[in-house]
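1. for reference, the sequence and a predicted model appear below.
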Amino acid sequence: MTEHLTIVTHPLVQHKLTLMRDKKASTGEFRRLLREISQLLAYEITRDLELTTRGIETPMQEMEAPVLKGKKLALISILRAGNGLLDGVLELIPSARVGFVGLYRDEKTLQPVQYYFKVPEGLEDRHLIVVDPMLATGNSSVAAVDLLKQAGANNISFMCLLAAPEGVARMKEAHPDVPIVTASLDERLNEKGYILPGLGDAGDRMFGTK
Ligand SMILES: O=P(O)(O)OC[C@H]1O[C@H](OP(=O)(O)OP(=O)(O)O)[C@H](O)[C@@H]1O
Ligand SMILES: O=c1cc[nH]c(=O)[nH]1
Ligand SMILES: [Mg+2]
């Protein structure tokens, strides 16, 4: 993937995203749609995975058929909302290792507060796909990528549902080597750091906590 930002404009993604943005969507609908979109975003973020071939026999003849090269993948969820993307991607890549970075945004300072960090061993040899539905100021995702790089990672992609221009710029400045895949580049942040038009607080909508 050479582009720093890829917006997945596929009609199914855009339709489902609109249903999610609607404040009338129930917690259950929101969660189901996020899971469905996560698989469509995964299709895009994994398009450069390396292939090799394996000899198999179809009912008709032998062939050398493509299979994933098996370069080690790890999915990293930024808690809590990242888990809404994680499950769907894991269904597509069931053998992936999984790590968690626990961060919440201080409502006043908009700075991330870390409360958890648990990742698979050997990060230096893995391709990491970091998932979090919201890239707002970018403070959380930049902090998560900082922590992962400090732990040895050097091959990281970032998947989100919505990105604000401010967050994309911040990530590009801090981590120009980390490509971003998103369903939408929204307009801007409001004075409280929420994405506009956005969809509100992803974690609260997904888990019904507000
Ligand atoms: O780009 P930023 O300005 O840092 O904002 C984005 C972060 O905010 C949300 O998490 P939140 O702090 O609400 O935690 P939660 O997932 O537990 O709800 C979201 O899931 C991101 O992690
Ligand atoms: O709009 C926003 C910004 C940060 N986190 C969210 O969940 N939503
Ligand atoms: Mg939240």
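-> Sure thing, it's come through. Just so we're clear, the structure is a prediction, and the values are computed from it rather than from any experiment. Ligands and ions are numbered 1, 2, ... in the order given.
2. what's in contact with the lengthiest strand in the chain?
-> The longest strand of the chain (DSSP state E) is strand 97-105. Contacts to strand 97-105, defined as C-beta atoms under 8 Å, 6 or more residues apart in numbering, come from residues 72-80, 82, 86, 90, 111-120, 126, 128, 130, 136, 139-140, 143-144, 147-148, 193. Any C-beta I mention is one placed from the backbone N, CA and C, and that applies to glycine too.
3. just the strands in this structure please.
-> All strands of the chain, identified by DSSP E, fall at 5-7, 51-57, 62-68, 73-79, 97-105, 112-118, 127-131, 134-135, 156-159, 162-163, 180-182, 184-185, 188-189, 195-196.
4. among those, which is nearest ligand 3?
-> Closest approach to ligand 3 among the strands of the chain (C-beta to the ion): strand 97-105, 6.9 Å.
5. give me whichever of the strands of the chain is most buried.
-> Comparing the strands of the chain by mean neighbour count (mean count of other C-beta atoms under 10 Å), strand 134-135 ranks first with a mean of 28.
6. list of residues touching it?
-> Residues from elsewhere that reach strand 134-135 (C-beta under 8 Å, 6+ apart): 81, 141, 158, 160-164, 167-168, 171, 180, 182, 195, 202.
7. can you rerun that using 7 Å?
-> If you take C-beta atoms under 7 Å, 6 or more residues apart in numbering as the criterion, strand 134-135 is touched by 81, 141, 160-164, 167-168, 171, 182, 195, 202.
8. one more: stretch 139-150?
-> Contacts of stretch 139-150 (C-beta under 7 Å, 6+ apart): 76, 78, 101, 103, 105, 110-112, 117, 119, 123, 128, 130, 132, 135, 156, 158, 167, 170-171, 174-175, 178.
9. grab the nearest non-local neighbour of Leu49.
-> Computed as C-beta to C-beta, 6 or more residues apart in numbering, the closest residue to Leu49 that is not its neighbour in sequence is Leu68, at 5.9 Å.
10. beta partners of that neighbour?
-> Leu68 has the following beta-bridge partners by DSSP bridges: Leu51.
11. coming back round to it: closest one to Thr209 among the strands of the chain?
-> Thr209 lies closest to strand 97-105 among the strands of the chain, at 11.8 Å (C-beta to C-beta).
12. could you export the closest one as PDB, CA atoms only?
-> Only the C-alpha atoms of strand 97-105 are listed here, as PDB (Å, rounded to 0.1, in the frame of the first residue of the first chain):
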ATOM      1  CA  ARG A  97      -2.300 -13.000  16.900                       C
ATOM      2  CA  VAL A  98      -4.100 -10.300  18.900                       C
ATOM      3  CA  GLY A  99      -2.900  -7.500  21.100                       C
ATOM      4  CA  PHE A 100      -4.600  -4.700  23.100                       C
ATOM      5  CA  VAL A 101      -3.700  -1.200  23.900                       C
ATOM      6  CA  GLY A 102      -6.000   0.300  26.500                       C
ATOM      7  CA  LEU A 103      -6.400   4.100  26.100                       C
ATOM      8  CA  TYR A 104      -9.100   6.600  26.900                       C
ATOM      9  CA  ARG A 105      -9.200  10.200  26.000                       C
END
